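Peer 1: requesting a structural model of the entry that follows:
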Amino acid sequence: MNGIQIEKIVILAHKLKSLILTRIQFGKKCFFQAALNLQFGWNEKPTSKCGNYYNFKR
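Peer 2: Sure thing, here's the model as predicted:
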C-alpha cells in the first residue's frame, strides 16, 4: 500500500467510528442512510428526522 491508500483507510475508519457511535443515538434508519451517503458519495440530505446530521464533509 502506498501513503495515499493508507490515508484514505484512516479517514474511512474515522467516519465509520462516527457512524457506529451515532447509530446508537439515532437508530438504524438514519445509520443506513448515512452509510449509503458515505459509500456512494451522495450529497442528498435524508428526508427523515436525521436531517443535516449526516452531511459529512469530504
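Peer 1: all contacts plus neighbour counts: C-alpha atoms, from now on.
Peer 2: Will do.
Peer 1: for this structure, which helix or strand comes out least confident on mean pLDDT?
Peer 2: Lowest by mean pLDDT, DSSP states H and E among the helices and strands of the chain is helix 28-40, with a mean of 68.
Peer 1: for the chain, what's the longest helix?
Peer 2: As assigned by DSSP state H, the longest helix anywhere in the chain is helix 3-26.
Peer 1: tell me how many other residues surround residue 35.
Peer 2: By other C-alpha atoms under 10 Å, the residues close to residue 35 number 18.
Peer 1: which non-adjacent residue is nearest it?
Peer 2: residue 19 (7.6 Å; C-alpha to C-alpha, 6 or more residues apart in numbering).
Peer 1: doesn't residue 37 make contact with the one you found?
Peer 2: No - counting by C-alpha atoms under 8 Å, residue 19 sits too far from residue 37 to count as a contact (11.3 Å).
Peer 1: mind checking how far residue 36 is from residue 7?
Peer 2: Distance of residue 36 to residue 7, given as C-alpha to C-alpha, to the nearest Å: 21 Å.
Peer 1: same check, this time on residue 34
Peer 2: 21 Å.
Peer 1: comparing the two, which residue is more hemmed in?
Peer 2: residue 34 (24 against 11).
Peer 1: surely the more buried one meets residue 18?
Peer 2: No - with contact defined as C-alpha under 8 Å, residue 34 does not reach residue 18; the gap is 10.4 Å.
Peer 1: overlap in contacts, these two.
Peer 2: Shared contacts of residue 34 and residue 18 (C-alpha atoms under 8 Å, 6 or more residues apart in numbering): none.
Peer 1: pLDDT below threshold where in the protein?
Peer 2: Along the chain, segments meeting pLDDT under 70 span 1, 21-32, 39-58.
Peer 1: repeat the analysis, applying 50 as the threshold.
Peer 2: Scanning the chain with the threshold set as pLDDT under 50 gives 46-48, 53-58.
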